[in-house]
Structures are given as C-alpha cells and as structure tokens.
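> quick one, structure for this:
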Amino acid sequence: MAEIHHRIGIKASAERIYQALTTNEGLASWWTNDVTGAGVLAQLYNFALTVVVLILKLLS
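Alright, predicted model coming up:
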C-alpha cells in the first residue's frame with residue numbers, strides 16, 4: 001500500500017499546537033465538535049462524524 005505524507009506550515013507557538021492536538025477542545029476547534037478521548041496516553045480518540053444527505057424533489 002502506498003504511503004501518503006503531508007507537510008503543512010503552522011504559524012503558532014508549540015504550546016498552541018500541542019493544545020490543538022491533545023485536547024478535546026483543541027481538536028473540536030478544527031474538525032468536529034463531538035470529540036472524546038484526547039489527552040490520555042494510548043487512549044483512542046473518538047471523532048463523531050455525521051454525513052447528511054439532502055434529497056430535494058421539485059414539485060412545480
């Protein structure tokens with residue numbers, strides 16, 4: 001299987017980046033609001049993602 005690598009630049013302090021990646025609040029601020037498990041070593045992070053499908057029918 002192919003490996004995918006991404007490199008991005010971030011203009012923030014190391015402390016802000018650490019908080020964004022290791023706390024539920026930080027992760028929720030840039031992905032999904034429903035996050036649990038962050039900040040605990042070897043804990044699974046749970047991201048509740050919802051897919052919404054909108055079907056419209058034109059009646060006239």
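> so how far is the helix or strand containing residue 25 from its chain's centroid?
In this structure, residue 25 sits in helix 24-28 according to DSSP states H and E. Once both centres are worked out by Cα atoms, centre = their mean, to the nearest Å, helix 24-28 turns out to sit 8 Å from its chain's centre.
> got it, and stretch 34-46?
Worked out by Cα atoms, centre = their mean, stretch 34-46 lies 11 Å from the chain centre.
> could I get it in PDB with only the CA atoms?
Taking Å, rounded to 0.1, in the frame of the first residue of the first chain, the C-alpha atoms of stretch 34-46 are listed here in PDB:
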ATOM      1  CA  ASP A  34     -18.000  15.700  19.100                       C
ATOM      2  CA  VAL A  35     -14.600  14.600  20.300                       C
ATOM      3  CA  THR A  36     -13.700  12.400  23.200                       C
ATOM      4  CA  GLY A  37     -10.600  10.600  24.500                       C
ATOM      5  CA  ALA A  38      -8.000  13.300  23.800                       C
ATOM      6  CA  GLY A  39      -5.100  13.900  26.200                       C
ATOM      7  CA  VAL A  40      -4.800  10.400  27.600                       C
ATOM      8  CA  LEU A  41      -1.800   8.300  26.600                       C
ATOM      9  CA  ALA A  42      -2.700   5.200  24.500                       C
ATOM     10  CA  GLN A  43      -6.400   6.300  24.500                       C
ATOM     11  CA  LEU A  44      -8.400   6.100  21.400                       C
ATOM     12  CA  TYR A  45      -9.700   9.400  20.200                       C
ATOM     13  CA  ASN A  46     -13.300   9.300  19.100                       C
END
